[in-house]
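K.L.:
Sequence first, predicted model second:
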Amino acid sequence: MLAEKYRPRTFDQIIGQERAIRTLKWHLDTETPTGKVFLIFGPSGSGKTTLTECAARYWGVDDWDIRLVQSAECDVESLRQLDSESYVYGLGQGGRKCYVIDEIHTVTGRAHDRLLSLLEHLPKHVMVCGTTTELDWSDGTMRSRFAKVYTSKIRAEDVARYLEMVAANERLPIPEDPKWAEKLVKYNGLNIRDHLNELPDRLLAGMAA
Ligand SMILES: Nc1ncnc2c1ncn2[C@@H]1O[C@H](COP(=O)(O)OP(=O)(O)O)[C@@H](O)[C@H]1O
Ligand SMILES: [Mg+2]
């Protein structure tokens, strides 16, 4: 899967999310008495999960200690486990570790309350990042626990340049139309994950769009 092969590992490899990166860096560079809690909003395939992973590395978390938790497995029991496990130090700088809860807006009921109590006394060496596509998720009590980070709509020309770079790098057949990448973005949108995963089939079939 090209989307996985080209998943950015550091902030400087991410395209078009300068605002989110600036906000994340500011929070991570700022000393706080408790752990870091972020909520990343944005459309699918805009780089939310990638941003959380890059933020964790920037903060000095070892790859081993970046835990991706799917919201479906975020029940009371697994949150309780996560809570007690969070006190164990990680391998990286200052024993830091990171939990990423994808699609956090689907955590409801008792799990939601459990999550709230976890965030209320998060150890200083722990970072929790929720990602969501839903701006109006949850009540204010939960949302106010998080530092908010918004991903931006990536510019069409930036996505197009990126697809050209990947196509060349992967030695895929480049269409004759010099605007092929612009057209792909125009007709298929800005979801970079979708573009990368469909690129081989599209270009090997000799189609621009
Ligand atoms: N801003 C971006 N810059 C570079 N690649 C991106 C960006 N956004 C998404 N991608 C690509 O799409 C894939 C999926 O991104 P992801 O962070 O999982 O998106 P989201 O969590 O917003 O759905 C990544 O592995 C990467 O290849
Ligand atoms: Mg994601």
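P.N.:
Great, that's in hand. Ligands and ions are numbered 1, 2, ... in the order given.
K.L.:
Let me know the pLDDT of the closest residue to E120 other than its chain neighbours.
P.N.:
Counting by C-beta to C-beta, 6 or more residues apart in numbering, the nearest residue to E120 once its immediate chain neighbours are dropped is R145, at 7.4 Å. C-beta: built from backbone N, CA, C; applies to glycine. Looking at R145, its pLDDT reads 86.
K.L.:
before we move on, what SS does R145 have?
P.N.:
Classification of R145 by DSSP: H, G, I helix; E, B strand; the rest coil places it in coil.
K.L.:
where does it fall, phi/psi-wise?
P.N.:
When quoted as degrees, to the nearest 10, the phi and psi of R145 stand at phi -70, psi -20.
K.L.:
Now for it, how many residues are close by?
P.N.:
18 (other C-beta atoms under 10 Å).
K.L.:
contacting residues for it?
P.N.:
Listed by C-beta atoms under 8 Å, 6 or more residues apart in numbering, the contact set of R145 reads 37, 116, 119-120.
K.L.:
By neighbour count, which of these wins?
P.N.:
V37 (19 neighbours).
K.L.:
Walk me through which strands the helix or strand hosting it pairs with, and which way each runs.
P.N.:
Applying DSSP states H and E as the criterion places V37 in strand 36-41. Paired strands of strand 36-41, with direction, are strand 126-132 (parallel), strand 147-150 (parallel) (DSSP bridges).
K.L.:
For ligand 1, state which of the contacts of R145 is nearest.
P.N.:
Sorting the contacts of R145 by how near they are to ligand 1, with C-beta to the nearest ligand atom, puts V37 at the top with 17.8 Å.
K.L.:
Contact partners for the closest one?
P.N.:
Contacts for V37 were tallied using C-beta under 8 Å, 6+ apart; they are 119, 122, 127-129, 145-147.
K.L.:
let's see it at 10 Å
P.N.:
Contacts of V37 were listed using C-beta atoms under 10 Å, 6 or more residues apart in numbering, and they are 27, 118-120, 122, 126-130, 145-147.
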